[in-house]
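[1] 3D, please:
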Amino acid sequence: MKSPVVKRSIVIAGDKTSVSLEDAFWEALKEIASGRRLTLSDLVATIDSGRSQGNLSSAIRLFVLDHYRGAATQARAQAAGERLQVASPPVA
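    The predicted model follows:
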């Protein structure tokens, strides 16, 4: 059975390193990088420079999780605001 973890080499600040992530995290990371108009290497370098502990793979997983949690929170807040606008009577 094939492992769901994929090991890839990436260049960070001129240094080549290997990162092991599940395919879903690689895809999400590419999507986030594209949305921010960054290369995958630039995004990973930013994540790497911001981590205080743990390994890079864990830091990337937490970054992706935080990104999508933030997006979900924002979407819920926007939906709640739209419901409030529809439910509120017009101001005279």
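[2] hey, let's count contacts and neighbours off CA atoms from now on
    OK.
[3] can you give me the strands in the protein?
    Assigned by DSSP state E, the chain shows strands spanning 5-12, 15-22.
[4] okay if I get those as JSON lines plus mean neighbour count, mean pLDDT and distance to Val44?
    Shown next, in JSON lines, are those (neighbours: other C-alpha atoms under 10 Å; pLDDT from 0 to 100; distance: least, C-alpha to C-alpha, whole Å):
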{"stretch": "strand 5-12", "mean neighbour count": "14", "mean pLDDT": "91", "distance to Val44": "7"}
{"stretch": "strand 15-22", "mean neighbour count": "14", "mean pLDDT": "93", "distance to Val44": "10"}
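[5] Could you export the ones you listed as JSON lines, including distance to Arg76?
    Shown next, in JSON lines, are these (distance: least, C-alpha to C-alpha, whole Å):
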{"stretch": "strand 5-12", "distance to Arg76": "31"}
{"stretch": "strand 15-22", "distance to Arg76": "27"}
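[6] Which parts of this structure are helices?
    Secondary structure of the chain (DSSP state H): helices located at 23-35, 40-50, 56-87.
[7] Same list (these) but as TSV, adding distance to Val6.
    TSV is the format used below for the helices of the chain (distance: least, C-alpha to C-alpha, whole Å):
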stretch	distance to Val6
helix 23-35	6
helix 40-50	15
helix 56-87	11
